[in-house]
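Asker: Return a 3D structure for these sequence lines:
(chains A, B, C, D and E, ligands or ions: 5)
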Amino acid sequence: MKGFLLVIGRDLRLALRQRADAWLAVLFFVLTAALFPFGIGPEPNLLARIAPGIIWVVALLAVLLSLERLFLADFEDGSLEQLLLSPLPLEAAVLAKVLAHWLTTGLPLIAAAPLLAVLFHMDLAGLGVLMLAMLLGTPILSLVGAVGAALTLGARRGGVLIPLLVLPLYIPALIFGVGAVDAALQGFAARPHLLLLAAVLLVMLVITPLASAAALRQALE
Amino acid sequence: MKGFLLVIGRDLRLALRQRADAWLAVLFFVLTAALFPFGIGPEPNLLARIAPGIIWVVALLAVLLSLERLFLADFEDGSLEQLLLSPLPLEAAVLAKVLAHWLTTGLPLIAAAPLLAVLFHMDLAGLGVLMLAMLLGTPILSLVGAVGAALTLGARRGGVLIPLLVLPLYIPALIFGVGAVDAALQGFAARPHLLLLAAVLLVMLVITPLASAAALRQALE
Amino acid sequence: MALFEGRSLHCRRGGRDVFAALDFALPAGGALLLTGPNGSGKSSLLRLMAGLLKPAGGALLWDGRPIAEAPEEHARRLHYLGHLDAVKPVLSVTENLQFWAALRGTTKALGGSLDAALERFALTDLAAVPGRLLSSGQRRRLALARLVAAPAELWLLDEPSVGLDHASVGRLAAAIAEHRASGGRVVVATHTALDLGDPIPLSLDSLAPPPLPEMVW
Amino acid sequence: MALFEGRSLHCRRGGRDVFAALDFALPAGGALLLTGPNGSGKSSLLRLMAGLLKPAGGALLWDGRPIAEAPEEHARRLHYLGHLDAVKPVLSVTENLQFWAALRGTTKALGGSLDAALERFALTDLAAVPGRLLSSGQRRRLALARLVAAPAELWLLDEPSVGLDHASVGRLAAAIAEHRASGGRVVVATHTALDLGDPIPLSLDSLAPPPLPEMVW
Amino acid sequence: MHRFANPARFTRLADRILPFVAVGTVLALAVGFYLALFVSPPDYQQGESVRIMYVHVPSAWMAMFIYVGIAVASAVALIWRHPLADLAAKASSPIGAGFAFLTLVTGSLWGRPMWGTWWEWDGRLTSMLILFFLYLGHMALLNAFEDSQRGYRAAAILALVGVVNIPIIKFSVDWWSTLHQPTSVMRLDGPTIHPSMLWPLLIVALGFKLYYLTVVLLRIKSELIAARLRALDLAMVKGA
Ligand code: HEM
Ligand SMILES: Nc1ncnc2c1ncn2[C@@H]1O[C@H](COP(=O)(O)OP(=O)(O)OP(=O)(O)O)[C@@H](O)[C@H]1O
Ligand SMILES: Nc1ncnc2c1ncn2[C@@H]1O[C@H](COP(=O)(O)OP(=O)(O)OP(=O)(O)O)[C@@H](O)[C@H]1O
Ligand SMILES: [Mg+2]
Ligand SMILES: [Mg+2]
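Answerer: Residues are numbered from 1 along each chain as shown, chains lettered A, B, ... in the order given. Ligands and ions are numbered 1, 2, ... in the order given. Alright, predicted model coming up:
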């Protein structure tokens, strides 16, 4: 447990020291979303109609891209070998890193969501559910992405490979996440969607550490 | 000139040796685009309505991301220092690398555009113009992105992350690119939009090598 | 007293045999010196000993028990120093060292042992300097400081003296001697002169690379 | 005959002074040996000489002309070998070498000079091996082969013998001697013994170690 | 477990099996397509275009079947470190991708006359598209490493993570496509189709299975030979 907290603390400190990484996701989130009005045109009701979808897809991309760096730096400077040889089980280390990563990127995204909702003239009635859904959804994205990041360590141009591996696995989170918001906006119950999100989250909480740790071990061979 | 071709040849060879690379940008392109229906819903006419915008934005992201690592490998293994000290002017080297990169990613994107047009039920009347616009547009994206990539290198030592500042620079290409397609779809002349794209392209052809080379020099200090 | 031994070790990398039928035995307080030309497999052997690589054949034993049976336990008793220094550019020298020491669970003694470790490799007046400002040798010294900051029974050092100036090489030798005096053991791969007192020499040169492997994956 | 000199050079890195008021003069056929403890500024000085770093003060002159006036020209006349080897994992040893040699414009002589270069560092039977399979020393040797594959008047070598086995260190010394015999000059920073014949020693030690940095961000 | 790990022994075994499966493939496909194209009746509402189904549906089945096969092979490879399992997985994924692609193409060819567009975001179609991407990811990862061993391990882990997720994906996609107004395709459902259509379907399906077996064996063999050649190259490299 102590080791777990140590790793979280270290990763948080690293993230805060190089502000870049912490801001990367949010900036990407907002800037990319802001591109769509230019591509699609400014009609408010059209934008409002597609707002939840756009916000979710962009959030998904933002997390995905920030995840590329999750293990890379540690891999390249030799920290990962040391971590693997440390008393802390690698699975725990992975969870700690993912958690720290989510705190520095997932949370800011949620905080930025209202901004985009306004930008897209989204009916703010759905905002609460949107943020709640993101609270359940973004950790899923981080967890799934972590597996991709671990699998591609040491691959040529590993980073570019991650989206291909991970995006298909993101689809359930996307569907339930948007579903929740749409339901709320159309006055249906968002609850079932949220529960499904939670279920997926639990599954991933089990799979990710095992898969990632296995991937990291063979990456260091 | 000889050095110019040498660099292109080398980068192409590197890209082909690791076949995956060339495909990744395209796959990202298609995959990411395919996410939107899940977010927005499958209604054909809505999808058709936003098709050009989505396709352009996604193309823009695909190029940006594949470019992030344009100089990274060479920077990390010391090739960049050697390139800088080689008789070939760094500006030329940059241009060569961007060109090689566009050949292996930009072109495939254009080839994949029709597929997306079909997936989004876009009126195929606009397809020709779309591809023509992309032929002018993707090089712009590569050039602008290269500057961002060069700036990031220096920034890796804990600065702010610049490629996001590049995203706004993409907006003109985006606007003219979409404009051309929409015009074609509504039966207006796409020509002026295309000419504007060409103009932007020329400007970037001048700016990029200078800006990138400068950025690379300071990254190597 | 426990013995660390390798029995008819066989190492394959990138689909080709690096060495085969390699044996060694390292008693407590002993030092094993790996020598051999480039590419003879020194680094590979060290990674095998650390458990980072799996041998294609043979076994590594600690006190007669295969380390493969209890990898975590083995990891806990060793320090591995590879070509990479695991120094974070944005963390200060102290912070870098502290994290790894704390992870080894020596928090209570920390204050003292940290300063001692820094002192040992003359890093004290660099303590507050961020890692990115370190020169290659300074970075290497920081990596070495990890060895003494948190105790471990077995040190695996891959060309530890790379980039070190004269004084530092001396400090390294002293640290190793002290470690051995207190019953620790060390395996060192190096091309340069490094005074280990009475090392057990293990030359990987002799092992001729075997012919075409039978099973090629 | 042209002289390569530095006049009252002043180097700042990461906001702190590394060295100041440093002078040197290197005639054709001469060898400058940089020594000094870790962090004394050897690598920094070499990067200054290569034009990769700009001096905070003072000037570098070639034949009396500041190199800052014609950086490309200066770059063309030098080989810089840093801590990194610039070896592409997917290219074979030959392909790696060939690219850099060809970029130097020595295509016609290529065939011959390439093989000669490989031979010189005993890489001939590794010629077809992809860079990823090389051990640290083998990779270093490939980097050294660049020096002889394409001629350049000034060699700037930062710890060139790192990771080299004994035989290879000898080959390196021989290559340097030959280079100098044909009027070339070389600047070497090293901590280990490397026979340069009659080098001009330049110890960066004398310069007092910089105090704690004022501004650590 | 490792009895067949010896390439020589495996090759011998494969050589013995190959002729039969190859011939079987040809026969089954010949008969199946003959029945499909000439014997079975045209559909009362879809006309002749219904015959696409005889390629479409079996390949859809194969696409799903093969991914499971890969997952099993991957588990074997990870647990018992059985080299042939790695090769089997590697050999399979392009074939699976091929069948998925075939499903998509025949499907959209079918869709053209049926609902006048090449593509509908229908649940089943969409999940097949996703499966296709999962295959591509698997292939890409396999070839993404300088050291083929790493490719095998990584891809194996990915395949296992994939199978765990596929049910979730399929469920979510169906949920999604019914959530929005369901596109009214695929009127005729597998089970309820007429025997005169079912038989050719099943025979073609058998043919595809045999074809898969044939190609996998061939690809594993060629992989073994390739590995041997690589080893020869490297063997010419003396360490120093
Ligand atoms: C790109 C277009 C299409 C794709 C990707 C596609 C995909 C699939 C898939 C994955 C299956 C197997 C489902 C299963 O067995 O569980 C299937 C079966 C089937 N498809 Fe399609 N389909 C497409 C277009 C069509 C069209 C246009 C029709 C005709 C209206 C059609 C009719 C059927 C039928 C009758 C089956 C067999 C029913 C069954 O096996 O349950 N499909 N298709
Ligand atoms: N990552 C790797 N993948 C595949 N093969 C490798 C890898 N690293 C090294 N090898 C091969 O293994 C052999 C031994 O490499 P190793 O690094 O152990 O040698 P070494 O004794 O450490 O050499 P050096 O003295 O140069 O460090 C080399 O011939 C090389 O071809
Ligand atoms: N990239 C950098 N940015 C800022 N400062 C640096 C950088 N690299 C080194 N320094 C600082 O410059 C000083 C000299 O570093 P340099 O690498 O030149 O020393 P060196 O003589 O090469 O040491 P070594 O023998 O360890 O290689 C060091 O004290 C270090 O603090
Ligand atoms: Mg080594
Ligand atoms: Mg140095």
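Asker: Low-confidence ranges, the chain, go.
Answerer: All of this is about chain A. A:19-22, A:157-159 (pLDDT under 70).
Asker: The chain in question should be chain E.
Answerer: Under the criterion pLDDT under 70, the flagged ranges of chain E are E:1-5, E:43-47, E:179-193, E:231, E:233-240.
Asker: show me what contacts residue C:104?
Answerer: With contact set as CB atoms under 8 Å, 6 or more residues apart in numbering or on different chains, residue C:104 has these partners: A:86-87, C:149-150, C:152. No exception for glycine: its C-beta is placed from N, CA and C like everyone else's.
Asker: Max pairwise distance over the residues you listed: which two?
Answerer: By the measure CB to CB, A:87 and C:149 form the most distant pair in those, at 14.5 Å.
Asker: Can you tell me the SS state at residue A:75?
Answerer: Assigned with DSSP: H, G, I helix; E, B strand; the rest coil, residue A:75 falls in the helix class.
Asker: List the contacts of it.
Answerer: Applying CB under 8 Å, 6+ apart to residue A:75 gives the contacts A:153-154, A:219-220.
Asker: and which of these is nearest residue D:205?
Answerer: Proximity of the contacts of residue A:75 to residue D:205, judged by CB to CB, is greatest for residue A:220, which lies at 38.8 Å.
Asker: That closest one touches residue A:84, doesn't it?
Answerer: Yes. Counting by CB atoms under 8 Å, residue A:220 touches residue A:84, with 5.9 Å between them.
Asker: joint contacts of those two?
Answerer: When CB under 8 Å, 6+ apart defines a contact, the residues bordering residue A:220 and residue A:84 alike are residue C:52.
Asker: Now do the longest helix along chain E: which elements does it pack against?
Answerer: Among the segments of chain E that qualify as a helix by DSSP state H, the longest is helix E:195-235. In terms of contacts (3 or more CB pairs under 8 Å, 6 or more residues apart in numbering or on different chains; DSSP states H and E), helix E:195-235 is packed against strand C:16-27, helix E:7-34, helix E:53-80, helix E:83-115.
Asker: neighbour-wise, which of residue A:220 and residue A:84 wins?
Answerer: Remark: of residue A:220 and residue A:84, residue A:84 carries more neighbours, 23 against 20, as counted by other CB atoms under 10 Å in any protein chain shown.
Asker: and that one, what is it in contact with?
Answerer: Under the criterion of CB under 8 Å, 6+ apart, the contact list for residue A:84 reads A:90, A:216-217, A:220, C:52, C:75.
Asker: Which one (most neighbours) among the residues you listed?
Answerer: In terms of neighbours by other CB under 10 Å, the contacts of residue A:84 top out with residue A:216 at 25 neighbours.
Asker: Which of the helices or strands spans the closest residue to it other than its chain neighbours?
Answerer: Across the structure, with CB to CB, 6 or more residues apart in numbering or on different chains as the measure, the residue nearest residue A:216 apart from its sequence neighbours is residue A:150 (5.1 Å). Using DSSP states H and E, residue A:150 maps to helix A:127-151.
Asker: could you say what helices and strands that helix packs with?
Answerer: On a contact count with 3+ CB pairs under 8 Å, 6+ apart, helix A:127-151 meets helix A:44-67, helix A:69-76, helix A:90-101, helix A:107-119, helix A:158-185, helix A:191-219, helix E:148-179.
Asker: Nearest to ligand 4, out of those?
Answerer: Checking the helices and strands packed on helix A:127-151 against ligand 4 by CB to the ion gives helix A:69-76 as the closest, at 17.4 Å.
Asker: Give the next helix or strand downstream of that closest one.
Answerer: Once helix A:69-76 ends, the next helix or strand along the chain (criterion: DSSP H and E) is helix A:79-84.
Asker: Out of the contacts of residue A:75, which is nearest to residue E:85?
Answerer: Closest to residue E:85, out of all of the contacts of residue A:75 and judged by CB to CB, is residue A:219, at 20.2 Å.
Asker: And chain A, is stretch E:152-165 touching that?
Answerer: Yes. Contact check for stretch E:152-165 against chain A, using CB under 8 Å from any CB of the partner chain: residues in range are E:153-154, E:157-158, E:160-162, E:164-165.
Asker: So for chain E, the centremost residue is which one?
Answerer: The geometric centre of chain E, computed from its C-alpha atoms, lies nearest to residue E:96 (CA atoms, centre = their mean), at 2.3 Å.
Asker: what sits against it?
Answerer: The contact partners of residue E:96, by CB under 8 Å, 6+ apart, come to E:62-63, E:66-67, E:69-70, E:135.
Asker: residue contacts, the residue nearest to residue A:216?
Answerer: Taking CB under 8 Å, 6+ apart as the definition of contact, the neighbours of residue A:150 are A:71, A:94, A:211-213, A:215-216, A:219.
Asker: And residue E:99, by the same measure?
Answerer: E:59-60, E:62-63, E:66, E:208.
Asker: Of these, which is the nearest to residue D:136?
Answerer: Using CB to CB, residue E:66 is the member of the contacts of residue E:99 that sits closest to residue D:136, with 42.3 Å.
Asker: Around that closest one, count how many other residues there are.
Answerer: Around residue E:66 there are 25 other residues, counting by other CB under 10 Å.
Asker: can you tell me how far residue A:131 sits from ligand 1?
Answerer: Taking CB to the nearest ligand atom, to the nearest Å as the measure, residue A:131 falls 35 Å from ligand 1.
Asker: shouldn't that residue be in contact with residue A:114?
Answerer: Yes. Residue A:131 is within contact range of residue A:114, at 7.5 Å (criterion: CB under 8 Å).
Asker: what comes up buried for stretch C:61-72?
Answerer: Neighbour counts over stretch C:61-72 (16 or more other CB atoms under 10 Å in any protein chain shown) mark C:61-62, C:67, C:71 as buried.
Asker: which of those sit farthest apart?
Answerer: Checking the buried residues of stretch C:61-72 against each other with CB to CB, the farthest-apart pair comes out as C:61 and C:71, at 13.3 Å.
Asker: Where neighbours are concerned, which of the contacts of residue E:96 has the most?
Answerer: Using other CB under 10 Å as the neighbour criterion, residue E:70 leads these with 29 neighbours.
Asker: In this structure that residue contacts residue E:90, no?
Answerer: No. The pair residue E:70 / residue E:90 is not scored as a contact, 9.1 Å apart, by CB under 8 Å.
Asker: need the contact list for the most centrally placed residue in chain C.
Answerer: For chain C, the residue lying nearest the average C-alpha position, counting by CA atoms, centre = their mean, turns out to be residue C:156 (2.0 Å). Listed by CB under 8 Å, 6+ apart, the contact set of residue C:156 reads C:46, C:49-50, C:78-81, C:186-187.
Asker: for residue E:176, what are its contacts?
Answerer: Taking CB under 8 Å, 6+ apart as the definition of contact, the neighbours of residue E:176 are A:175, A:179, B:38, E:123.
Asker: And these, which is closest to ligand 3?
Answerer: The closest of the contacts of residue E:176 to ligand 3 turns out to be residue B:38 (CB to the nearest ligand atom; 45.8 Å).
Asker: How about the contacts made by that closest one?
Answerer: Contacts for residue B:38 (CB under 8 Å, 6+ apart) come out as A:53, A:171, A:174-175, A:178, E:176.
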